[in-house]
Each structure stands twice: as structure tokens, then as C-alpha cells.
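output the structure for:
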Amino acid sequence: MVVGGFHTVVGKDFISLDGEAIGVWIKKASISDIWFRLLQGRIPTHVERRLLEAVLVSMADHGETPPSTQAARLVASTGVPLQCAIATGFLAFGDHHAGAIEGVMRFLQEEHTDLNLKDVENLVATFLSKGLRIPGFGHRLHHRDPRVEPLLELRRSLGFSGKNVDIVLAMEKHLVREKGISLNVDGICGALLTDLGFPYQSGRAFFMAGRLPGILCHILREQYETKAFRRYNLVACTEDVEVGGEREKNEKAFCR
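Next up, the predicted model:
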């Protein structure tokens, strides 16, 4: 993992980041500058800064549909401190939710580093023939993820080019043709972050940073705009059970 040589010195009434007083950084740096400086040891260009900000914005919220948001709201309804509800939301990030961005970055940076556009079709065909899923493609709700094209448009308008975005776009072309599966936000953001020089180990952290405002918004809404201790609707269902060798109807309640 590549991490920049960022050095922090702390003393009484003094904080120095990479040889400059904290006040200098506060006055001149954006949060994107800090991401680049801490993880890559450099200050980004205007184009790189704008793209990173766009990546974070694209991850900001997805309503109440994600498991992480539901978990955070449910725990928030019990009256726990704010940080506990936030932590619950982040702990819900897994390989099937928010973790795909790391999978895309690892795919591009470690598993297929020498991949070129000519090899894409064969690689996709191999994955499909083996029934393997390629991270960064497909979405349970969106046929075409509405966050992908705006990021691509911004990339084009800024004149930013990178091998990895071109690769995932080529992969999408074949996946759409064969399976009707499109690129999702994890796929485009993972490729952009790779082209921006960030290591795959940082992928989930970027998703966490981007999603934090959204999760916080839902938590505060749960704590201050709804009744405490969220209740579930109990739905009665009837199932067949065997009693004494005979089938009987048994009514059972379950949570919805």
C-alpha cells in the first residue's frame, strides 16, 4: 500500500502538518488536498481535486433503501449517542453494500494490472462462462445508475483521461450486450479513484466519507422527527405444521 510521507508534529500550542503550521493548511487547503497529501504525499491539480469532490458527492445518499441507512436509523431510534448510530451504519458496509468499490479497485490494481482494452472482451467472456460476478456492475434498483453519466461528463469536460475508466467502460459495453448489466457508482468511482492514484485499500473509506452526510441526516431525522423506539409492523401469516402426524394450520406473526 502506498501512503505519502506526510508528517505531523504536535507540541504545546502548536500543530505542524508536513512542515507547515496548521493555520497555513486551514487557509489554503481543501479537504481534497488533504486526502491527496495524506495518502499520496502530493497536492492534487485542480482537475484531480474537482473529480475527487464529485466522487464523494455521488456517494452522499441513496434514501432509506440501503441496509446501512436502515440499520443506523433503527439503532438511532433507541436513544443511543450519535456516534453509536453512525458506527452502526458504517458497520453495515460489506462486500455486497459499499464494499464493491474496493473490489473494483483491487480488480484493477492487483488482479488485472496489465489488462488492456484488447483483452477486455475475453476477460468478460471468461467471467461470464464461469458464473463469476465482476465488481462494479449491476444494481438492484437502477438499470442504468444515474450517478455514472454525470461523473463521465465531468471527466470529459475537465479533459481528464485514465486507463482504468476506459477499461471499465469497455467492460460495460460487453456486459450490456451479453447480460444487460451496466456500470454502477462503485465501478465508475473505483476506476476514477484508481486513475487518481489512490490505493485499493482506501476504497471503503472513500465510500464512508461520501456517505457520512447522508447517514447523519437520516439519524438526526430519526432522533428528532419520529417517535422513539421504532416499531415494526407485525403481519400474520398462516403456515402448515405437522402435529401428531397430521397437517394443521398454524398462525404465526413475523416482522415486516
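
so where is the chain shaky, pLDDT-wise?
1-5, 138, 232-256 (pLDDT under 70).

walk me through the domains of it.
1-44, 47-225 (automatic domain parsing).

most tightly packed of the ones you listed?
Counting by mean count of other C-beta atoms under 10 Å, domain 47-225 has the highest mean neighbour count of the domains of the chain, with a mean of 17. The C-beta positions use only the backbone N, C-alpha and C, and glycine is treated the same way.

helices of this structure, start to end?
For the chain, the helices defined by DSSP state H cover 22-28, 31-40, 46-58, 67-76, 82-91, 100-106, 120-129, 148-158, 163-179, 185-195, 203-225.

and W25, what does it touch?
Contacts for W25 were tallied using C-beta atoms under 8 Å, 6 or more residues apart in numbering; they are L17, I34.

try 6 Å this time
By C-beta atoms under 6 Å, 6 or more residues apart in numbering, the residues touching W25 are L17.

with L52 instead?
S32.

if I look at it, how far off is L193?
8 Å (C-beta to C-beta, to the nearest Å).

and I31, by the same measure?
From I31 over to L193 (counting by C-beta to C-beta), the distance is 15 Å.

again with T69
According to C-beta to C-beta, T69 stands 23 Å off from L193.

same check on G41?
16 Å.

cool, and R156?
Taken as C-beta to C-beta, the span from R156 to L193 is 18 Å.

repeat for Q83
26 Å.

what of P66?
20 Å.

and if you look at L141?
23 Å.

swap in G203?
From G203 to L193 the distance is 7 Å (C-beta to C-beta).

name the nearest residue to H174, sequence neighbours excluded.
V124 (4.4 Å; C-beta to C-beta, 6 or more residues apart in numbering).

so the one you found is in contact with K173, correct?
No - taking C-beta atoms under 6 Å as the definition, V124 is not a contact partner of K173, at 9.0 Å.

name the residues contacting each of those two.
Between them, V124 and K173 share no contacting residue, judged by C-beta under 6 Å, 6+ apart.

what sits against L17?
By C-beta under 6 Å, 6+ apart, L17 lies in contact with T8, W25.

mind listing the residues bridging to it?
For L17, the beta-bridge partners under DSSP bridges are T8, E20.

how near is it to L38?
In terms of C-beta to C-beta, L17 sits 9 Å off from L38.

just S182 next, same as before
33 Å.

same question, I134
30 Å.

check V80 too.
Distance from V80 to L38, by C-beta to C-beta: 30 Å.

only the C-alpha atoms, please, for stretch 153-170, written as CSV.
Taking Å, rounded to 0.1, in the frame of the first residue of the first chain, the C-alpha atoms of stretch 153-170 are listed here in CSV:
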residue,chain,number,x,y,z
GLU,A,153,-19.5,14.0,-18.4
LEU,A,154,-17.5,15.9,-15.7
ARG,A,155,-14.4,13.8,-16.6
ARG,A,156,-14.8,14.7,-20.3
SER,A,157,-15.3,18.4,-19.6
LEU,A,158,-12.2,18.5,-17.4
GLY,A,159,-10.1,16.7,-20.0
PHE,A,160,-9.1,14.0,-17.6
SER,A,161,-8.0,10.7,-19.1
GLY,A,162,-7.1,7.5,-17.4
LYS,A,163,-6.7,3.9,-18.5
ASN,A,164,-8.9,2.4,-15.8
VAL,A,165,-12.1,4.3,-16.6
ASP,A,166,-11.6,3.3,-20.3
ILE,A,167,-11.3,-0.3,-19.2
VAL,A,168,-14.5,-0.4,-17.1
LEU,A,169,-16.4,1.4,-20.0
ALA,A,170,-15.1,-1.3,-22.4
